[in-house]
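Chemist: curious how this folds, go ahead:
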Amino acid sequence: RVLFRSEAAGRVRSTLLEKTLRTSLPALNLIAALGGVLTDQQKREAVLLEAALRDEIRGEALLNDSMRKAIKDARQRGVEVLVLDEGGLEGLSDSERELILNRAAASFVNVAEGRLTVRAPRGEDWRITVAAVRPGQAAPDLWLKLS
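Modeler: The predicted structure is shown next:
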């Protein structure tokens, strides 16, 4: 049984590595070809790509197409976004997972500044926490626990 779990983990890592290379290689080649001298737009795109790659590593089960788009859009509005999958979505069917992720993505479409944290904590009564905070504000702009 341990062997199967190890093999599965290895396949997941290989798939993630392949996807990361496929996504980042064009940008890395461009950076190399330009000798690291990028336009402001290219720098912004590189920062967004780096953040998206970090999301894929830290937020694995918290990502679907609507979440990826909502996160990218928030970052383009200047929002700092942190995505943390701590195992809270384990045991959900694919359709249940899609539904809750789409609800989470829709919840922060109007967050315009500050920091947005999306977590899937393990061992709680809810599946996803969405929090949007701004410096200097006593209360969060958005605080949701989605089940």
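Chemist: run a quick neighbour tally on Pro26.
Modeler: A count of nearby residues for Pro26, using other C-beta atoms under 10 Å, gives 10. Every residue, glycine included, has its C-beta placed from N, CA and C.
Chemist: which helix or strand contains it?
Modeler: helix 2-33 (DSSP states H and E).
Chemist: excluding its backbone neighbours, what's nearest the most centrally placed residue in the chain?
Modeler: For the chain, Asp55 is the residue whose C-alpha lies nearest the centre (C-alpha atoms, centre = their mean; 3.5 Å). In this structure, Asp55 finds its nearest non-sequential neighbour in Val83, 4.7 Å apart by C-beta to C-beta, 6 or more residues apart in numbering.
Chemist: could you tell me how far the stretch of helix or strand that neighbour belongs to lies from the centre of the chain?
Modeler: Taking DSSP H and E as the criterion, Val83 maps to strand 80-85. Distance of strand 80-85 from its chain centroid, counting by C-alpha atoms, centre = their mean, to the nearest Å, is 6 Å.
Chemist: the helix or strand just after that strand packs against which elements?
Modeler: As assigned by DSSP H and E, the chain's next helix or strand after strand 80-85 is helix 94-107. With contacts taken as 3 or more C-beta pairs under 8 Å, 6 or more residues apart in numbering; DSSP states H and E, helix 94-107 sits against helix 65-76, strand 128-133, strand 142-146.
Chemist: can you tell me what sits against helix 94-107?
Modeler: With contact meaning C-beta atoms under 8 Å, 6 or more residues apart in numbering, helix 94-107 is reached by 61-64, 66-67, 69-71, 89, 92, 118, 127-128, 130, 142, 144, 146-147.
Chemist: got the angle between that helix and strand 142-146?
Modeler: 170 degrees (axes from the mean of the first three to the mean of the last three C-alpha atoms, to 10 degrees).
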